[in-house]
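**Q** Below: sequence and its predicted model.
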Amino acid sequence: MKLTVPRDLSSASISEIIQSAADDTIFFLTDPRVKVEPRPGMFDRLSQACAGSGGLVYSDSEDHPRIDYQLGSIRDNFDFGPVIAVNRQSARQVWQGGATRWAGVYDLRLRLSEKFPITRVPEPLYAASVTDSRSSGEKQFDYVDPKNRDYQIEMEQVATAHLRRMGAWLAPEFRPVPDEREAFPVEASVIIPVRNRERTILDAVHSVLGQAAGFTFNVIVVDNHSTDRTTEILRSINDPRLVHLIPEPRDLGIGGCWNEGLMSQACGRYAVQLDSDDLYSSPQSLALIVDELRRGPYAMVVGSYTMVNFKLETIPPGLIDHREWTRDNGRNNALRINGLGAPRAFDTSIVREIGFPNVSYGEDYAVGLRISREYEIGRIYDSVYLCRRWEGNSDSALPLETANRYDSYKDGLRTHEILARQRR
């Protein structure tokens, strides 16, 4: 038994391997840059599991536990590790070939998952060298790097075909946003959940208060029991448009804080996001966002942002505009990617009915998926937001255990959403 190294990840390369394979199990080394040192019994263990399941099998590696695959694990960056085992007979049964340049393994995996289990062996069966030493905070934006757009388009096409085959694809037919059903104190509220951001909260609030808008607005800061100078700083701001809320519960995540802001009597007709690390890119940002919400009218609008360092200097990859989103297929492609972008803004009446999950990772993605199932989401492709990356970001350097937990949670969100879409 040996590891088969594809000459590339194209459909043609995968076709050659599947058709020429002589053994019942095909062992792929999906990244030739990785040095793999099999531990005793690796091939036997994987081949036995592969024969039993009839599908695709992967495992943990030394010092790198992985997560279980589920229905919603359709993202193309799911971490199988560099070694996967595929049942040859099953691969020949599902494989259709194709003309992809990069998505051969991805297409094979999705097709196998439609008929056979994708199985993790929770044992460290090999050691693997590390090829990407960047922190989690640096790697998480790879999927929206503009230089990878052709790659992303191809992955979207493969994922969309998968959703069609499994009955989870949605046509671009949207429920209309209802007319305003209640009175609001202002037209728009910028909601900022915050805990212990004494270095950035003043910048964030001032970027809101400095907005030039032809409508009334306020900023609702949900101060989640900060223990540094954040609360003191907020109390020092003398502007009636600032609503400083300290929630009663002490177990709130970011999503729970969002619910506090949304349900507040001070919340406006539209609820607009700003993280406590970040700023709007110009005094016109809020007006642009609200104008787009009205134009649809949309239940949700997502803008574009520029990556900056703490000094607000642009850093790679620069502008993140999510141009992979289209009216025809954005709601389907949302199941493949790990986020919808920022800043996010909502029709308050609609998002109040849905609510945010009380977590601090993926809460925005959960709401975006739920809204996209029924409503059209508007996009702004010009930068309206500065996303500040610094050592204080909560996702700047996640431990593997935490990153796995977050990925598993988002896969679970996709699982629930796929099931709901299949029932439509």
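**A** Cool, the structure landed.

**Q** is it true that Met307 touches Ile315?
**A** Yes - contact criterion CB atoms under 8 Å: Met307 and Ile315 qualify, at 5.1 Å. All C-beta atoms are positioned from the backbone trio N, CA, C, and that covers glycine.

**Q** Could you list the buried residues of stretch 104-122?
**A** 104-113, 116, 118-121 (16 or more other CB atoms under 10 Å).

**Q** same question, stretch 64-77
**A** His64, Arg66, Ile67, Tyr69, Leu71, Gly72, Ser73, Ile74, Arg75, Asp76.

**Q** Looking at those, which is nearest Pro343?
**A** Within the buried residues of stretch 64-77, proximity to Pro343 (CB to CB) peaks at Arg75, which comes in at 22.7 Å.

**Q** Can you tell me the closest non-neighbouring residue to the closest one?
**A** For Arg75, ignoring the flanking residues on the chain, the nearest one in space by CB to CB, 6 or more residues apart in numbering is Arg336 at 5.7 Å.

**Q** now the one you found: how far from Ser113?
**A** 13 Å (CB to CB, to the nearest Å).

**Q** again with Arg388
**A** 38 Å.

**Q** so who does Tyr280 touch?
**A** By CB atoms under 8 Å, 6 or more residues apart in numbering, Tyr280 lies in contact with Ser207, Val208, Gln211, Leu274, Leu286, Pro343, Val384, Tyr385, Leu386.

**Q** for this structure, where's the lowest mean pLDDT among helices and strands?
**A** Every helix and strand of the chain was ranked by mean pLDDT, DSSP states H and E. The lowest is helix 136-139, at a mean of 47.

**Q** Following the chain onward from that one, which element is next?
**A** Remark: after helix 136-139, the chain's next helix or strand is helix 149-165, criterion DSSP states H and E.

**Q** contacting residues around the helix or strand following that following helix?
**A** Next helix or strand after helix 149-165 toward the C-terminus (DSSP H and E): strand 188-194. With contacts defined as CB under 8 Å, 6+ apart, strand 188-194 is touched by 201, 204-205, 208, 213, 215-224, 226, 230, 243, 254, 257-258, 261-262, 266-276, 286, 289-290, 348.

**Q** so of those, which ones are in strands?
**A** Counting by DSSP state E, these place Phe217, Asn218, Val219, Ile220, Val221, Val222, Asp223, Val243, Tyr270, Ala271, Val272, Gln273 in strands.

**Q** between these, which is nearest Ser13?
**A** Distance ranking of those against Ser13, using CB to CB, places Gln273 first at 42.3 Å.

**Q** neighbours around the closest one, how many?
**A** 21 (other CB atoms under 10 Å).

**Q** what do you get for Asp24?
**A** Neighbour tally, Asp24, other CB under 10 Å: 11.

**Q** ok, now how distant is the residue lying closest to it once chain neighbours are set aside from Arg389?
**A** Excluding the flanking residues, the one nearest Asp24 by CB to CB, 6+ apart is Arg88, at 5.5 Å. Noted for Arg88: a distance of 45 Å to Arg389, by CB to CB.

**Q** With Glu173 instead?
**A** 38 Å.

**Q** returning to what we had before: give me the pLDDT value at the residue nearest to Arg75.
**A** On the pLDDT scale, Arg336 is placed at 97.

**Q** check contacts around Phe217.
**A** Val186, Glu187, Ala188, Ser189, Val190, Val208, Gln211, Arg241, Gly268, Leu286.

**Q** Which residues are in contact with the last one?
**A** Put plainly, it is Leu286. Ala188, Val190, Val208, Gln211, Ala213, Phe217, Val272, Tyr280 are the contacts of Leu286 under CB under 8 Å, 6+ apart.

**Q** Can you tell me which of those comes closest to Gln93?
**A** So of these, ranked by how close each gets to Gln93 (CB to CB), first place is Val272, at 49.7 Å.

**Q** The stretch 251-400 of the chain: strands as residue ranges?
**A** 270-273, 279-280, 300-308, 314-320, 344-347, 377-388 (DSSP state E, counting those that start in this stretch).

**Q** So what's the gap between the shortest one and the chain middle?
**A** Strand 279-280 has its average C-alpha position 21 Å from the chain's average C-alpha position, going by CA atoms, centre = their mean, to the nearest Å.

**Q** Where does pLDDT dip in the stretch 1-150 of the chain?
**A** Residue ranges of the stretch 1-150 of the chain with pLDDT under 70: 131-147.
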